[in-house]
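return a 3D structure for these sequence lines:
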Amino acid sequence: MINKDDLLNDKEFYKSFKNGEDLTSFFKQMHKRAVEHMLNAELDAHLDNEKHQKNRSRKLSKWAWN
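The predicted model follows:
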């Protein structure tokens, strides 16, 4: 995992940008991807919970009919 403080203090990282527009564009892309990853993780967690609830309901209904 990347250490955020190291990245913020890395002068070579900042040298990779030609101007303020490049930096702003990078931050917009990073923000967009971060939000997408967080939403996907939330959706995965929700669908996983839903899947487990359905499996549990099926097991309980099978048990009730036996």
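
list the contacts for Met30?
Neighbour list for Met30: empty [criterion: C-beta atoms under 8 Å, 6 or more residues apart in numbering]. (C-beta placed from N, C-alpha, C; glycine too.)

and the helices in the chain?
Taking DSSP state H, the helices of the chain run over residues 4-8, 11-15, 20-65.

turn those into TSV, columns for mean pLDDT.
Shown next, in TSV, are the helices of the chain (pLDDT from 0 to 100):
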stretch	mean pLDDT
helix 4-8	93
helix 11-15	93
helix 20-65	83
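
tell me the phi and psi of Phe17?
phi -100, psi 130 (degrees, to the nearest 10).

do the same with Asp10
phi -80, psi 110.

quick one: it from Arg33, how far?
20 Å (C-beta to C-beta, to the nearest Å).

could you measure from Asn49 over to His37?
On the measure of C-beta to C-beta, Asn49 and His37 end up 19 Å apart.

how about His46?
15 Å.

cool, and Leu7?
Counting by C-beta to C-beta - Leu7 and His37 are separated by 17 Å.
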